[in-house]
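Novice: coords please:
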Amino acid sequence: MTLDDLLVLEPRLSWRVEGADAPQRPAEERRVVSWVVSARTTAPHLPLLRGGEVVLVPTRVTAIVGGDLPALLREATLRDVAAVVVERYQRGLGSLDPTAEDVSMLTWDGDLTGETETAINRLLTECRGNLYRVGSELERQMSDLAASRVGLSELVRSASDLSGLTIHITDAQGRTLAASRQEFDGSDDAVPPADQTGVERELPSGLTLNLGPLRPEQRVVARFLVDRIASAAAVAARQDQAARPRGPRRVEAVEALVTGRSGSPGERRAAALALGLDPDGIYLVAVSSGEDDAPLAKALSPLGTVHAAGVEKGQRTSLVAANSRPGPETLLQRVASAKRRWQEVTKETASTLAISAPASGVTRIPAAASEARFIARLQAEGRSPHRAVSFDSIDDIGAFQLLYPLRDSSELRQFVSAALGILERRDHRGTLRETLRAYLETGGSHADASNRLGIHRNTLAYRLRRIGELIGRDVGDPRTWLTLHLALSASDLLELEVDFDDR
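Specialist: Residues are numbered from 1 along each chain as shown. Have a look, this model is predicted:
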């Protein structure tokens, strides 16, 4: 235990010199305290000292020692005491300069008596007993956990439960690998106050153990346990490394993370750690068609590390862990570059690529996967003319970028119903909707629309009149075109939404 710990445990003790004139005393605060003893009224005034003692000097002793008090303090310093304690309002000490005497001087709020010595020593004994009890139980649990070959997350949780300390383990980039609060989300209420400190230890492979933030009374426990927890954490980190899934098992684990089958947000974070992924990193999900994944890896590798997440119905899903944490503009540029590379390396094929918007943290990966699958379906349905599409590009998906967040809302359904009337119910084959779409996309040109559809202009005119009857408005009025175009896109979205679940 240190002098600083003692001042926390016993609030009646304080530094004799405080405020702006107080000396800088970090080294004094860390002085080890062994025991508390009292100076005597008879010579020798100091009892047998072995170092580390806190010496109580009551008023009756200073009255007898008188002008020899500085010499007494120098003798105490030579015997390596931790500090000297005097009564706060003791007379005759005003001219005494503790810094000149090179001794840590504390004051006691009250009278220094034999009971004071007994009470402080009892406090030290109880505190040491509690430390050894917690330390022994921690040693036992750490041994059991090591025998069970658990990883960092379980070790941190157990150590935190036993010690009452907040524990974090970070990698060389400062990313959290394990924390006593598994739901830690980086929000403002999770940031420790500036006046609360922690205790750190460096672990092998660039990892860092942090105990904190700490309340003042927790510091002694943290300093006592940090080396024990650090040793156990190093073993658990090696176990995590050895237990990481490989081959097909790894693909299945990444697929579970992408689809959300990994469970709750806390379980998703744990699953990411088991795969060696940063739970708070930046991720993208890519869905591609084609037989070979080599072009995909070549195109996406500058974005980050590409992790296979399974193949279903001819579509290959990949999880991309972005390199570092680039800003939004930088990431957009990299995605655009990746799409160009993809089209270059697959220019002899009809393969397609759909890339989600960036997802911040593993808990948002299933939502990103839904975005990628959605725009992949747009490609498959011919709603996007590009072979490489990203959700963040309005040039790629147009109004779908605006409509997608509304896909589960009743307001969107009501808008479609109000704009298209009974057209959807009557147009079973979708012929009229395709006709309306071609007409709108060609800017209301009968010639261009009929050529695109491969029908006679009279047929087009008949269909447009029929559409106007079903929706209850004149489709030739340019003022209706924006509403009708959005309604058609929203109708497409509602037809596709059953395939997606980003919960």
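Novice: quick one: residues contacting L7.
Specialist: 13-15, 106 (CB atoms under 8 Å, 6 or more residues apart in numbering). Where C-beta positions appear, they are placed from N, C-alpha and C, glycine not excepted.
Novice: ok, so of those residues, who is nearest R334?
Specialist: In terms of CB to CB, no member of these lies closer to R334 than W15, at 55.8 Å.
Novice: quick revisit: quick check: which of the contacts of L7 has the minimum pLDDT.
Specialist: Comparing pLDDT over these, W15 scores lowest. The value there is 86.
Novice: surely that one is in contact with L106?
Specialist: Yes - W15 sits in contact with L106 when judged by CB atoms under 8 Å, with a separation of 6.2 Å.
Novice: which one (most neighbours) among the contacts of L7?
Specialist: Within these, most neighbours by other CB atoms under 10 Å means L106, with 23 neighbours.
Novice: helix, strand or coil: sort out it for me.
Specialist: Put simply, L106 is strand when judged by DSSP: H, G, I helix; E, B strand; the rest coil.
Novice: isn't V57 up against A83?
Specialist: No - using CB under 8 Å, V57 is not in contact with A83, being 10.6 Å away.
Novice: low-confidence ranges, this protein, go.
Specialist: 17-29, 91-102, 181-196, 291-292, 497-503 (pLDDT under 70).
Novice: domains of it?
Specialist: The record's domain split for the chain, according to automatic domain parsing, is 3-112, 123-243, 278-398, 404-499.
Novice: let me know which of these is tucked in deepest.
Specialist: Highest mean neighbour count of these: domain 278-398, a mean of 19 (counted as mean count of other CB atoms under 10 Å).
Novice: can you give me the helices for the stretch 301-450 of the chain?
Specialist: For the stretch 301-450 of the chain, the helices defined by DSSP state H, counting those that start in this stretch cover 328-345, 365-380, 394-397, 400-403, 410-420, 423-426, 431-441, 446-453.
Novice: can I get the longest one in PDB? Just the C-alpha atoms.
Specialist: Written as PDB, here are the backbone C-alpha positions of helix 328-345 (Å, rounded to 0.1, in the frame of the first residue of the first chain):
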ATOM      1  CA  PRO A 328     -16.300   9.000 -45.500                       C
ATOM      2  CA  GLU A 329     -14.900  10.800 -48.600                       C
ATOM      3  CA  THR A 330     -11.800   8.600 -48.700                       C
ATOM      4  CA  LEU A 331     -13.900   5.500 -48.400                       C
ATOM      5  CA  LEU A 332     -16.300   6.600 -51.200                       C
ATOM      6  CA  GLN A 333     -13.300   7.200 -53.500                       C
ATOM      7  CA  ARG A 334     -12.000   3.700 -52.700                       C
ATOM      8  CA  VAL A 335     -15.300   2.100 -53.400                       C
ATOM      9  CA  ALA A 336     -15.600   3.900 -56.700                       C
ATOM     10  CA  SER A 337     -12.100   2.700 -57.600                       C
ATOM     11  CA  ALA A 338     -13.000  -0.900 -56.600                       C
ATOM     12  CA  LYS A 339     -16.100  -0.900 -58.900                       C
ATOM     13  CA  ARG A 340     -13.900   0.300 -61.800                       C
ATOM     14  CA  ARG A 341     -11.400  -2.500 -61.100                       C
ATOM     15  CA  TRP A 342     -14.200  -5.000 -60.900                       C
ATOM     16  CA  GLN A 343     -15.600  -4.100 -64.300                       C
ATOM     17  CA  GLU A 344     -12.100  -4.200 -65.800                       C
ATOM     18  CA  VAL A 345     -11.200  -7.700 -64.500                       C
END
